[in-house]
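A.B. asks: Quick one: sequence and predicted model below, then my questions.
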Amino acid sequence: MWNNIKMASNCERVWKTAMFAITWIVWIGRNKVVFHNKVWDKEVIWELIKLREKPSADAVKFNVDGAANGSPSEAGIGSLLRNEKGEVLIKFSKAIGRGDSNLAKYLGIREAFILFSNSIWAHNHSLAIESDSRNAIRWINDPSKTPWRLRKWMLHIEVLKKKVTDWKIRHTLREGNREANLLAKEGVGREVDLIEFHNPM
């Protein structure tokens with residue numbers, strides 16, 4: 001029945017694979033409830049099922065994250081910058097010293113602004129940033145809400161924001177931010193920063 005629905009030819013492959021993707025996500029959610037005592041959250045499942053918004057041809061997207069071993073403890077940040085084809089343009093992982101997860105996630109966003117504003121894409125692309133931290137996103141969008149202990153970083157981010165002509169930041173679920181999370185965890189205690197630049201465009 002699913003495959004018998006008439007679709008435009010350019011959407012047919014996506015439509016035919018969508019059923020399997022949806023079923024797989026629901027199955028994974030069910031297993032977490034049954035075997036790991038997770039609470040079923042239909043909003044989370046819906047977010048995972050929805051197609052991710054890819055950047056437009058004149059935009060690039062940073063997925064950023066930060067991680068800390070405690071509060072406070074050694075912390076790290078990590079991120080990937082991708083184009084509309086999903087190709088990685090920049091990848092980084094680095095230690096930031098001691099801090100908590102809020103500081104790490106906030107500094108991960110700051111690093112994204114630093115790298116993008118100094119990149120070849122800053123002149124002709126807009127920037128989208130995705131983070132799984134609602135706190136950090138709120139502080140970026142409304143600097144007056146930033147905790148006092150983060151004010152010096154906030155002031156630097158405000159300067160960086162002025163160097164980027166078009167940017168936006170939005171929330172993504174942790175499940176959609178796994179690669180950035182892995183890079184952030186690898187950054188904890190890292191002695192030599194990892195930063196890779198690619199130019200597939």
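C.D. replies: Arrived safely, thanks for sending. Predicted, not measured: the structure shown is a model, and the values here were computed from it.
A.B. asks: Now do the same contact list for Ser71.
C.D. replies: Applying CB atoms under 8 Å, 6 or more residues apart in numbering to Ser71 gives the contacts Asp100, Ser101. (Glycine included, C-beta is placed from N, CA and C.)
A.B. asks: The same query, at a cut-off of 6 Å, please.
C.D. replies: Going by CB atoms under 6 Å, 6 or more residues apart in numbering, Ser71 touches Asp100.
A.B. asks: Doesn't it belong to a helix?
C.D. replies: No - the assignment for Ser71, made by DSSP: H, G, I helix; E, B strand; the rest coil, is coil rather than a helix.
A.B. asks: Tell me the pLDDT of it.
C.D. replies: If you check Ser71, the pLDDT there is 80.
A.B. asks: likewise Pro55?
C.D. replies: 68.
A.B. asks: now swap in Asn3 and tell me
C.D. replies: 62.
A.B. asks: Nearest residue to the middle of the protein?
C.D. replies: Asn63 (2.5 Å; CA atoms, centre = their mean).
A.B. asks: Doesn't it lie inside a strand?
C.D. replies: Yes - remark: Asn63 belongs to a strand, assigned using three-state DSSP.
A.B. asks: Give me the distance between it and Arg149.
C.D. replies: Going from Asn63 to Arg149 by CB to CB, to the nearest Å gives 25 Å.
A.B. asks: where does the residue nearest to Ile169 when sequence neighbours are not counted land in three-state SS?
C.D. replies: Nearest non-adjacent residue to Ile169, counting by CB to CB, 6 or more residues apart in numbering: Ile129, 4.3 Å away. Following three-state DSSP, we place Ile129 in the strand state.
A.B. asks: quick one, what contacts Ile129?
C.D. replies: Residues in contact with Ile129, defined by CB under 6 Å, 6+ apart, are Phe62, Ala112, Ile169.
A.B. asks: Tell me the backbone dihedrals of Lys91, please.
C.D. replies: With angles defined as degrees, to the nearest 10, Lys91 sits at phi -140, psi 130.
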